[in-house]
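Trainee: The sequence isn't on hand, but the structure is:
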């Protein structure tokens, strides 16, 4: 993976075959088509008996073609406020042992947390600590799940009634505001220089000279910019480019909850004005 998050299909094939992997998970970043020569790579891997899985979570609403992978998986939680939900599709045949029971404890905890947050933000009642604690409990439940569950009825209802066009247009609009606003901003560089017509971005990812200070400054203005993939202690060093990304990448929120004023506030904070 280069500093621009691009991946060469040829390099991917060489790495997979060279490591004698039997299964490869392919992921394109932040809604952009970051894998060049993707279809050719998948075809070569299949001829070599290697199973391919495309995780399209981050490119869920982008319109470029899905890979012809053996399996396609994705999560819907990153795109809207649902307690749970994901999907798995196989190229040939059918998936067996499909789940039919949902996790009631998870649903109750996440819904209570969301209602608590709403009351705190819009009704001026309740405690921030209480709903944050409930959100953490819900995440712990997800992390500890040992069984496969079906999607919660609440999540299914929200997803079925989601205004997809508004979601896509809002994210693209917000991306463009940040893109224009931070031009020439010292110590910050956008990873993606342009927004293709077929792209619906998940975040606005940037590379920061001093990530901690940028993240802290944003947090002081109640703007939460996550490091989507922190590097864990057991993760070995791969390449200089990968290390650079781990140390410098930061993700600016641009989702459909936010409007022009929110984006301009982010730009103002990043510029230090």
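Mentor: Right, received. Where do you want to start? If you're wondering where the values come from, they're calculated on a predicted model, not measured in any experiment.

Trainee: Skipping its backbone neighbours, what lies nearest the residue most central in space within the chain in space?
Mentor: The C-alpha lying nearest the average C-alpha coordinate of the chain belongs to residue 58 (CA atoms, centre = their mean; 4.7 Å). The shortest distance from residue 58 to any residue other than its chain neighbours is 4.9 Å, reached at residue 202 (CB to CB, 6 or more residues apart in numbering). Using the backbone N, CA and C atoms, a C-beta is placed for each residue, glycine as well.

Trainee: go on, residue 203?
Mentor: When the adjacent residues along the chain are set aside, residue 203 lies closest to residue 251, with 3.8 Å between them (CB to CB, 6+ apart).

Trainee: The one you found contacts residue 229, doesn't it?
Mentor: No. Applying CB atoms under 8 Å, one finds residue 251 not in contact with residue 229, separated by 9.6 Å.

Trainee: neighbour count winner among these two?
Mentor: Using other CB atoms under 10 Å as the criterion, residue 251 and residue 229 rank with residue 251 on top: 18 against 12.

Trainee: any idea how far residue 42 is from that one?
Mentor: With distances taken as CB to CB, to the nearest Å, residue 251 is found 27 Å from residue 42.

Trainee: Likewise for residue 145?
Mentor: Shown here: residue 145 relative to residue 42, a distance of 30 Å by CB to CB.

Trainee: Counting neighbours, go ahead and name the busier of these two.
Mentor: Between residue 145 and residue 42, counted using other CB under 10 Å, residue 42 has the larger neighbour count: 23 against 12.

Trainee: which regions of the protein sit below the pLDDT cut-off?
Mentor: Judged against pLDDT under 70, the low-scoring parts of the chain cover residues 273.

Trainee: where do the strands sit along it?
Mentor: In order along the chain, the chain carries the following strands (DSSP state E): 7-8, 23-27, 35-36, 51-55, 71-75, 86-90, 188-190, 204-208, 249-252.

Trainee: Paired strands for the third one, with orientation please.
Mentor: When pairs are called by DSSP bridges, strand 35-36 turns out to pair with strand 7-8 (parallel).

Trainee: The last one too?
Mentor: For strand 249-252, the paired strands and their directions (DSSP bridges) read strand 204-208 (antiparallel).

Trainee: what does the partner strand rub up against?
Mentor: With CB atoms under 8 Å, 6 or more residues apart in numbering as the test, strand 204-208 has contacts from 3, 5, 29-30, 174-175, 178-179, 182, 187-192, 214-215, 244-245, 248-254.
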